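[1] give me the fold of what follows.
(2 chains)
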Protein chains: 2
Amino acid sequence: MSSTKKSDFEELLEIVRKVCDLRAAASMLEWDQETYMPRGAGEARARQLSTLYSTSHEIFIRDRTGELIERLRGEECDPMGFQESLVRVTERDFSRACKLSPEMVGKIAETTSNAKAAWVEAFNENDFGKFSGDLSKVIGLCIEKAEAIGYSEHPYDALLDEYEPGATSGQISRVFDDLRASLVPIVQAIEYAPQPVHDFLQLSYDSDIQWDFGMEVLRDIGFDFRRGRQDISTHPFSTAFSTNDVRITTRIHDRHVVSGLFSSLHEAGHGMYEQGINPMLEGTFLAQGTSLGIHESQSRLWENQVGRSKAFWTCYYRDLQQRFKKQLGEISREKFYQAINCVAASPVRVDADEVTYNLHIMLRFELEMMLIDEEISVHELPELWTDRMRKYLGVQPENDTKGVLQDIHWALGAIGYFPTYTLGNLMSAQIFSCAKTALIDLDDQIARGEFAPLRDWLQTNVYHWGRMLSATEIIEWLTKGPISADPWLHYIRQKYSAIYGDLP
Amino acid sequence: MSSTKKSDFEELLEIVRKVCDLRAAASMLEWDQETYMPRGAGEARARQLSTLYSTSHEIFIRDRTGELIERLRGEECDPMGFQESLVRVTERDFSRACKLSPEMVGKIAETTSNAKAAWVEAFNENDFGKFSGDLSKVIGLCIEKAEAIGYSEHPYDALLDEYEPGATSGQISRVFDDLRASLVPIVQAIEYAPQPVHDFLQLSYDSDIQWDFGMEVLRDIGFDFRRGRQDISTHPFSTAFSTNDVRITTRIHDRHVVSGLFSSLHEAGHGMYEQGINPMLEGTFLAQGTSLGIHESQSRLWENQVGRSKAFWTCYYRDLQQRFKKQLGEISREKFYQAINCVAASPVRVDADEVTYNLHIMLRFELEMMLIDEEISVHELPELWTDRMRKYLGVQPENDTKGVLQDIHWALGAIGYFPTYTLGNLMSAQIFSCAKTALIDLDDQIARGEFAPLRDWLQTNVYHWGRMLSATEIIEWLTKGPISADPWLHYIRQKYSAIYGDLP
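    Just a heads-up that it's a prediction; the model follows:
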């Protein structure tokens, strides 16, 4: 290996680190914006974020980066695969970044910024008409963007690839079709079964006690507070400024005893993934979750597979009961378990239980595909939304705010993002079932509050790799097959049959 | 005015904004480091900060910046003086920045980083020997830096100029000599006078109650919480990411009833200065305090001239007494006032009262001058320190940790920083005495809790200007004379004669 070649990689690494550092700074500013920033600071903050992103973009897409990638591609590599992987993902990101001209990037930023403001107004005033004009522009730009990036089968693939590298709409359609065929009858069967009692969940529950309980659970499951923290924000999220600085947020409702906890578990699932990435990859493009789908599989795994399980509450229910004696003193563990797993179709995605949740996603995926195909226009959305909502979930949103206007994603131009939520749900079941096989008495461990074996297994098989392995590679490595809806359907049927009686 | 010239300024403005945005991001990361950052995140944070600073430096010192300055210098300007001022301070900062080679900047960063670590160890182990080697290197580099920057009279001036633009060591020596000649006899006279009772200040005072009281006072004096916030940190500081995002921190001792409040008032003085800068200057080099001395004059003004005054406690004492009935119920307002103004020479600067404080600074200034002159070596410092401490303050530090090792500044290479503390004290008295003349019944206003007239006066005469006026220009505009120790000595004599009897 010649010294010239060695220094090519070092030079590339330097560029990558600089770009990553500037992006990490931007993430820090965004975190602050949602947690501690004073109200009046918005304008300067927007300018600073735009400078950080444009500066990191400029540094990244210089010709020199392309030259270095070109020279390093196919070079003989270190046995650990670090160099090979970094060159591969850098090439991927570089080629996507270069395909978008600075003008288009600027146009997207401006258009989505306006669309976001219009969406807020339309949402608050329950008036889709106030958003549709801006949304049309966003969709138009997304189509332009897809053409600029290129695709082999469907323009949607170019957009999807940003969030779920390598995934195609064809593949997702097939998985979703299978899923829908099985899921709609399950939801219908549950609808006719008697509901468990659950109104006691909505009594008054002191926020500080909820916070303390949640913090204890996070410590137990292994979120590392020496390398992370939890704060309060309006919309819970997780973010990382390095593998040693991972921030999660939650919101606590004093009229719901566990919604804050589930939100914490969800975000901690994202956070532990980031904390668990191989420290060798730190400060490079490899030190990130490999796809939004895999990321969501980790959050959903801790939120649902663990947090809403019988085993988990075998461990924690007595503690929670002690903290809320007045409200839960008379409620048995079994009753509590059934209440937190109550299935009830809601028109609002973020209120959905784990059974009906994916139907919300499918509806959005289908509408997005038709929009990008120019098969439908933005103006047809409210009606199509309501129709499909009735067909899939048997509910009708009372207005647009609780219907087509409920999510911010489209205003942000994030077309192709929604499917990763369902991919995450499906993969969480695939991954958790592998963990169960590998760890044998996983349920008993959880019931005893022993989370280290599960976390270590995830660390080795998922977290560790960062972007060195793709989502597909991780799933294939673990399951010897592709992403599939079967383990998730199996999990749902088994769990909810016990609550609602036999399911189709 | 030709369109070409117009666009030169716009181009310069774009560079300046970018540099300011990147620096603001760095300040945000530093703020987080002292307030919320998890312990394990230090390494990545250091790397990110270094990237932000080096990137902003690189963008700033490009040849293009110099060309633009060259072309804009002396150009006909807008009547408000914005362009002229921005070109002037940009030229100043640019020429300083360019004189330091990237190698020297790197060497300084590395050396001070090592020195800081050595200082922490030496401080904790009370062993100056563990720091002296690194400190010698830092001093050597400071001398090199001074030579690179250049000076007309003394190398110290090149260093001082970073913190107090335009000031010279000759000018400071003259002011300090006057001050010392008057101050040492005052301190000696106080030493022989009977001390007011003050032990009740050190009872147990609930931190939360202290925090709430402090927040109320900050709101009253006009710190704008829509455009700023207060948090807790080990070492109180203030920082700004824009004129609309100013953060201050405090620390609260539950064994001292007002040390947290005075720290809050001090930092709020810095903070209100930044919040009051003309919004037109936002996002440029002009939107900063014009010198550290003027900055400190604003913090000291609110901490001492206002916060330790009779008028202030006429307004607030009853409230504080209500909050701490058990501890202060029997203490009269006069007794309290005397206690918080108790003068007692301490070997530690940060524990010093306002009378003895400046003697700590003079000692440091003198030693710094001799170090930069190579008149003394680092190894002689402990002895010289102890000698002068005895001579000026009549006290002897019990060890190096409470003596020569007490401050972190030298480890950081901040030679030339200390004098700005005393300049700030002196200017605070000069400025406050002008405010008293202008506002006539200022004391009565303060006693009634009316702080708006004072704040508005400071806004117009100090805050507003940012770096458009220099420290000297502000003082000359207000006092028709130079920086002087007389108003401060007058203030001290008058105030402390009332407590300790006639003073020389």
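[2] just give the nearest non-adjacent residue to A:Ala193, would you?
    Nearest non-adjacent residue to A:Ala193, counting by Cβ to Cβ, 6 or more residues apart in numbering or on different chains: A:Tyr500, 4.1 Å away. Yep, even glycine has a C-beta here, placed from its N, CA and C like the rest.
[3] how about the contacts made by that neighbour?
    Applying Cβ atoms under 8 Å, 6 or more residues apart in numbering or on different chains, we find A:Tyr500 in contact with A:189-190, A:193, A:343.
[4] spell out which parts of chain A neighbour chain B.
    A:17-18, A:21-22, A:24-26, A:28-29, A:32, A:36-41, A:43-45, A:47-48, A:51-52, A:55, A:59, A:224-229, A:231, A:241-245, A:282-283 (Cβ under 8 Å from any Cβ of the partner chain).
[5] and the helices in the stretch 51-200 of chain A?
    A:63-72, A:82-99, A:102-125, A:129-149, A:155-163, A:169-192 (DSSP state H, counting those that start in this stretch).
[6] using JSON lines, lay out those helices together with mean neighbour count and mean pLDDT.
    Output for these, formatted as JSON lines (neighbours: other Cβ atoms under 10 Å in any protein chain shown; pLDDT from 0 to 100):
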{"stretch": "helix A:63-72", "mean neighbour count": "16", "mean pLDDT": "96"}
{"stretch": "helix A:82-99", "mean neighbour count": "18", "mean pLDDT": "94"}
{"stretch": "helix A:102-125", "mean neighbour count": "16", "mean pLDDT": "91"}
{"stretch": "helix A:129-149", "mean neighbour count": "19", "mean pLDDT": "97"}
{"stretch": "helix A:155-163", "mean neighbour count": "23", "mean pLDDT": "97"}
{"stretch": "helix A:169-192", "mean neighbour count": "17", "mean pLDDT": "95"}
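[7] redo the ones you listed as JSON lines? Include distance to B:Asp319.
    Converted to JSON lines, the helices of the stretch 51-200 of chain A look like this (distance: least, Cβ to Cβ, whole Å):
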{"stretch": "helix A:63-72", "distance to B:Asp319": "61"}
{"stretch": "helix A:82-99", "distance to B:Asp319": "58"}
{"stretch": "helix A:102-125", "distance to B:Asp319": "40"}
{"stretch": "helix A:129-149", "distance to B:Asp319": "49"}
{"stretch": "helix A:155-163", "distance to B:Asp319": "55"}
{"stretch": "helix A:169-192", "distance to B:Asp319": "60"}
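[8] out of those helices, which is closest to B:Val87?
    helix A:102-125 (27.9 Å; Cβ to Cβ).
[9] alpha carbons only: can I get that closest one in PDB?
    Below are the C-alpha coordinates for helix A:102-125, written out as PDB (Å, rounded to 0.1, in the frame of the first residue of the first chain):
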ATOM      1  CA  PRO A 102     -27.600  24.600  -4.900                       C
ATOM      2  CA  GLU A 103     -30.500  26.400  -6.600                       C
ATOM      3  CA  MET A 104     -32.800  23.400  -6.100                       C
ATOM      4  CA  VAL A 105     -31.600  23.000  -2.500                       C
ATOM      5  CA  GLY A 106     -32.400  26.700  -1.900                       C
ATOM      6  CA  LYS A 107     -35.800  26.400  -3.700                       C
ATOM      7  CA  ILE A 108     -36.700  23.300  -1.600                       C
ATOM      8  CA  ALA A 109     -35.700  25.100   1.600                       C
ATOM      9  CA  GLU A 110     -37.700  28.200   0.700                       C
ATOM     10  CA  THR A 111     -40.800  26.300  -0.500                       C
ATOM     11  CA  THR A 112     -41.000  23.900   2.500                       C
ATOM     12  CA  SER A 113     -40.400  26.800   4.800                       C
ATOM     13  CA  ASN A 114     -43.500  28.600   3.400                       C
ATOM     14  CA  ALA A 115     -45.400  25.300   3.200                       C
ATOM     15  CA  LYS A 116     -44.700  24.700   6.900                       C
ATOM     16  CA  ALA A 117     -46.100  28.100   7.800                       C
ATOM     17  CA  ALA A 118     -49.200  27.500   5.600                       C
ATOM     18  CA  TRP A 119     -49.700  24.100   7.200                       C
ATOM     19  CA  VAL A 120     -49.600  25.500  10.700                       C
ATOM     20  CA  GLU A 121     -52.300  28.000   9.700                       C
ATOM     21  CA  ALA A 122     -54.400  25.500   7.900                       C
ATOM     22  CA  PHE A 123     -54.100  23.000  10.700                       C
ATOM     23  CA  ASN A 124     -55.100  25.500  13.300                       C
ATOM     24  CA  GLU A 125     -58.000  26.800  11.200                       C
END
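[10] for that helix, the distance to its chain's centre please.
    Its chain's C-alpha centre and that of helix A:102-125 lie 22 Å apart, by Cα atoms, centre = their mean, to the nearest Å.
[11] dump the residue contacts of the residue in the stretch 401-504 of chain A that chain B sits nearest to.
    Of the residues in the stretch 401-504 of chain A, the one nearest chain B is A:Gly466, at a distance of 14.7 Å by Cβ to the nearest Cβ. A:Gly466 is in contact with A:277-278, A:281, A:286-290, counting by Cβ under 8 Å, 6+ apart.
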